[in-house]
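>>> below are the sequence and a predicted model; questions follow.
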Amino acid sequence: MSEKPEGEIQEIRLGDCPICGGKGTLKALQYVHEIPYFGKVMESTIICERCGYRNADVMILEDRPPKLYTVKVENEKDLFTRVVRSKSGTIELDEIGVKIEPGPAAEGFVSNVEGVLERVRETLLMARDFRKQEGDEEAVKRADEILQYIEEVKNGKKPLTVKIMDPFGNSALIGEKVKSRLLTQEEIKKLSTGPYIVYDPTAEGGEENPE
Ligand SMILES: [Zn+2]
């Protein structure tokens, strides 16, 4: 999955850390590279040398209007569909009711559908543990069903519709089967910029659009 390095890693000193107050301990590492058949992206990670705070983001350097990208994952090859997700991007996994939304702890990344499924799986396992401690058997069962579905998607046995939307046009899906169209003003308005990180599908009656 590795790509030939196109540019060099640039280090930028950012100053004091807002988390621990370290003097001049905050820096950013930036790395520009080209994704074939797509264009240049810049990955950046902010790091505090004192407290270990880290936050990653990604930016598309070409002119990209805000779009909705969709891909229907139906076989193992589709799992390699590229995913560029910036902190402002919302990812939806239709069949399992999972939504990854912007928020303070959101991170940007360049990965593929398989990588996104792995992130979701890890989050679900944590949510499942929490629900189990609470004694919420119904939610545990629901989490198990979703985890099972994810396994089947990974084995090419179940379909999964993956969508990504970004009001700033910094997120995209890249691959042969990907379809895209411009987002409407209405859709842009509805996109969350709130504190919700991952819509927890194990929560009964969860709202898709929390106010
Ligand atoms: Zn710090």
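Here it is on my side, so go on.

>>> walk me through the domains of the protein.
Domain assignment for the chain by automatic domain parsing gives 1-63, 64-203.

>>> in a markdown table: the ones you listed, plus distance to the ion.
C-beta: built from backbone N, CA, C; applies to glycine. Compiled in a markdown table, the domains of the chain are given as follows (distance: least, CB to the ion, whole Å):
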| stretch | distance to the ion |
| --- | --- |
| domain 1-63 | 3 |
| domain 64-203 | 16 |
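
>>> most tightly surrounded among those domains?
Among the domains of the chain, domain 64-203 has the highest mean neighbour count (mean count of other CB atoms under 10 Å), at a mean of 17.

>>> return the distance of it from the chain's centre.
Domain 64-203 sits 7 Å away from the centroid of its parent chain (CA atoms, centre = their mean, to the nearest Å).

>>> surely residue 101 and residue 90 touch.
Yes - using CB atoms under 8 Å, residue 101 makes contact with residue 90 at a distance of 5.1 Å.

>>> got JSON lines for the domains of the chain, with mean pLDDT too?
Listed next are the domains of the chain as JSON lines, based on pLDDT from 0 to 100:
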{"stretch": "domain 1-63", "mean pLDDT": "87"}
{"stretch": "domain 64-203", "mean pLDDT": "90"}
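
>>> ok, the residue nearest to residue 64 when sequence neighbours are not counted - contacts?
Closest residue in space to residue 64, ignoring its immediate chain neighbours: residue 169 at 3.8 Å, by CB to CB, 6 or more residues apart in numbering. Residues near residue 169 by CB atoms under 8 Å, 6 or more residues apart in numbering: 60, 64-67.

>>> quick one: which of these sit in strands?
60, 67 (DSSP state E).

>>> pick the one among the contacts of residue 169 closest to residue 52.
residue 60 (28.3 Å; CB to CB).

>>> check which helix or strand covers residue 123.
helix 113-134 (DSSP states H and E).

>>> for that helix, packing partners?
Packing contacts for helix 113-134, counted by 3 or more CB pairs under 8 Å, 6 or more residues apart in numbering; DSSP states H and E, involve strand 82-85, strand 90-93, strand 98-100, helix 137-154, strand 160-165.
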